[in-house]
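Student: Have a look at this prediction, sequence included:
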Amino acid sequence: MPATENFNDDELVAPKWLNNDFLKEVIQSYEKNKDVKVTNFKLTPGTVKGDHFASVMFRAHVDYKLRHSRYSKSVIIKTMPEAQGLKKEMLENSHIFETEIKMYTEILPKLESVLRSIGDDTKIGPNCLYYSLQPRKCIVLEDLVPLGYTVQRDRDLKMDEIKEVMRKLAVFHAISYYLNKKEPQIFDSLQYGFMNDPSIAENSFLTDGIKIFIEVLNEVPTLRKYKPYFQVFQKDVFQKCGQSFNEFRENPQSNGIYGLCHGDFHFKNLMFRNNPINKKLEDILFLDFQISYLGPIVNDLYYSLFMMCSREQRLHHFDELLYLYHSHFKSILNKTDFDGEVPTLREIRAMFLKHKHYELFLLSSFLAMRYEFLSKDIDIEKIMRSRESRKSLYMNKEFLDELHQLLPKYLHNGYFEDLM
């Protein structure tokens, strides 16, 4: 396997179990036939450094024989980290693989089945070919690259792309909102996002962000006046965010708008397919459903605001994008036999203030890292290990410039009123 700095260290050497016998089992599952002989395979890292954190990924190109004919198949293998270190420590007791297996094998097919019943051919994510929890946790997905899909790494999304992202998110939310009214039991096990999964929520990476943010507010004279608000905010931010993530299970509200949240909705968790001739966008698929959960859909909208949108889109076009999102959300529900009240745009917007602690958490803990996402040298593990490396992101001039625009807006919109 290639030893290069462009890949994560734990994806340069495949584990011993990722061998001919394992790949034979995968292809047998894919072909639904035991008469499979793997003739050759090649393993490479599944993606480049900076694209993901919560798994170890390999790409396998497999040549095999079936019924005297020869075939080949490229697959993506996601598994838990085996090497000791931060990644294993953070993830080994989490629910991420159980959640993602449930999503790929049961929930996404169910959502797409409902969509087909109303004449909508939207596909949400890649096909799952194989999975296991014992003797090891792994998921094998169809490789989308041979199908013409790519990850967008070197630029922000254009408006036509972000509009299609928001359309598909609306479809994802609307059908899950519908199913939660009709068959809520199918979501019973989907309850752990990163703010209420103890093995993740208690990790220093999540808890230290607000501390660094307050330090930066103190060190930048023109931002220092906001420090007292965030010092108070810091005291119960994790409790409040946990309550938001647990709200549907523990304290459902009559005016709550609950659906399936992707949970980690940033642009590197998407793959895009463009027409090879005219380059027009044809499709987008969602990836990485490891922290998907049933909760307030506004939490995904927050995440898309900070981690999906560009600065320009965030500051000047999010109202337009939210209007577009709601239009599709409403349109999808109106095509089903849903007989309840369709949430209005005004009601969705009201959720932003109600669940503001999560929005302010993302602002203070994640937005600085979003500015680093386009860097070819991004090292997520280094940022998570080193407080100094992480704090350097907070001193990014563009990030500080945006804070000078966002913080007055939060002040004027009443976000800080009950924090003092």
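Tutor: Yep, that arrived. Numbering: from 1, shown residues only.
Student: domain assignment for this structure?
Tutor: For the chain, the structural domains run 9-79, 148-412, going by automatic domain parsing.
Student: Tell me which of those domains sits nearest to H95.
Tutor: domain 148-412 (4.4 Å; CB to CB). Backbone N, C-alpha and C define where each C-beta goes, glycine included.
Student: mind checking the end-to-end distance for that closest one?
Tutor: 46 Å (CA to CA, to the nearest Å).
Student: averaging pLDDT over each of the domains of the chain, which comes out lowest?
Tutor: Among those, domain 9-79 has the lowest mean pLDDT, at a mean of 86.
Student: Specify the local secondary structure of the residue nearest the centre of the chain.
Tutor: The centroid of the chain falls nearest to D264 when counting by CA atoms, centre = their mean (2.3 Å). The three-state label given to D264 by DSSP: H, G, I helix; E, B strand; the rest coil is coil.
Student: about what we covered before: distance to T99 added to the domains of the chain, as JSON lines?
Tutor: Listed next are the domains of the chain as JSON lines, based on distance: least, CB to CB, whole Å:
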{"stretch": "domain 9-79", "distance to T99": "11"}
{"stretch": "domain 148-412", "distance to T99": "6"}
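Student: Report the buried residues of the helix or strand E98 falls within.
Tutor: When elements are defined using DSSP states H and E, E98 is found to belong to helix 96-102. For helix 96-102, the neighbour count (16 or more other CB atoms under 10 Å) marks I96, F97, T99, E100, I101, K102 as buried.
Student: so who does the third one touch?
Tutor: Going by CB atoms under 8 Å, 6 or more residues apart in numbering, T99 touches S189, L190, Y192, F289, Q290, I291, S292, Y293.
Student: These, buried ones only, as a PyMOL selection?
Tutor: Buried subset of the contacts of T99, written as a PyMOL selection, criterion 16+ other CB under 10 Å:
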select buried, resi 190+192+289+290+291+292+293
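Student: What count of nearby residues applies to Y410?
Tutor: Counted with other CB atoms under 10 Å, the neighbours of Y410 add up to 16.
Student: tell me the contacts of it?
Tutor: L360, F416.
Student: If I follow the layout properly, the residue nearest to the centre of the chain ends up in contact with Y303?
Tutor: Yes: proximity of D264 to Y303 meets the contact threshold set by CB atoms under 8 Å, at 7.3 Å.
Student: re earlier: any chance you could give me the helix holding E98 in PDB, C-alpha atoms only?
Tutor: Provided in PDB are the C-alpha atoms of helix 96-102 (Å, rounded to 0.1, in the frame of the first residue of the first chain):
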ATOM      1  CA  ILE A  96     -21.300   4.700  15.600                       C
ATOM      2  CA  PHE A  97     -21.100   1.400  13.800                       C
ATOM      3  CA  GLU A  98     -24.400   0.100  15.100                       C
ATOM      4  CA  THR A  99     -26.000   3.300  14.100                       C
ATOM      5  CA  GLU A 100     -24.500   3.400  10.600                       C
ATOM      6  CA  ILE A 101     -25.300  -0.300   9.900                       C
ATOM      7  CA  LYS A 102     -28.900   0.400  10.900                       C
END
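Student: distance of the residue nearest to I212 when sequence neighbours are not counted from G209?
Tutor: Among residues not flanking I212 along the chain, K391 sits closest, at 5.1 Å (CB to CB, 6 or more residues apart in numbering). Per CB to CB, to the nearest Å, K391 is found 10 Å from G209.
Student: Between these two, point out the one with more neighbours.
Tutor: The neighbour comparison of K391 against G209 (other CB under 10 Å) goes to G209, with 22 against 18.
Student: That one contacts F366, correct?
Tutor: Yes: checked against CB under 8 Å, the pair G209 and F366 is within contact range at 7.1 Å.
Student: Between the domains of the chain, which one is closest to K123.
Tutor: Per CB to CB, nearest to K123 of those: domain 148-412, 6.6 Å.
Student: If we only consider the buried residues of helix 96-102, which is nearest to R167?
Tutor: Checking the buried residues of helix 96-102 one by one against R167 (CB to CB), the nearest turns out to be E100, at 23.5 Å.
Student: which stretches of this protein form strands?
Tutor: Under the criterion DSSP state E, the chain contains strands at 36-45, 56-66, 69-79, 128-132, 138-142, 149-150, 258-261, 270-274, 281-286, 293-296.
Student: The second one: how far from the chain's middle?
Tutor: On the basis of CA atoms, centre = their mean, to the nearest Å, strand 56-66 is displaced by 25 Å from the centre of the chain it belongs to.
Student: For it, buried residues please.
Tutor: V56, M57, F58, R59, A60, H61, V62, D63, Y64.
Student: Would you tell me which one of those residues comes nearest to E215?
Tutor: Of these, the one sitting nearest to E215 (CB to CB) turns out to be V56, at 33.0 Å.
Student: which residues of the stretch 301-420 of the chain fall in helices?
Tutor: 311-316, 318-335, 345-354, 356-365, 367-370, 380-385, 387-394, 397-412 (DSSP state H, counting those that start in this stretch).
Student: From the contact counts, what lies against the first one?
Tutor: Counting by 3 or more CB pairs under 8 Å, 6 or more residues apart in numbering; DSSP states H and E, the packing neighbours recorded for helix 311-316 are helix 397-412.
Student: Let me know the angle separating the helix it packs on from helix 387-394.
Tutor: Helix 397-412 and helix 387-394 are oriented at 70 degrees to each other (axes from the mean of the first three to the mean of the last three CA atoms, to 10 degrees).
Student: Count the neighbours of T207 for me.
Tutor: Neighbourhood size, T207 [other CB under 10 Å]: 14.
Student: ditto for the one 10 residues further on
Tutor: Counted by other CB under 10 Å, the residues lying close to L217 total 23.
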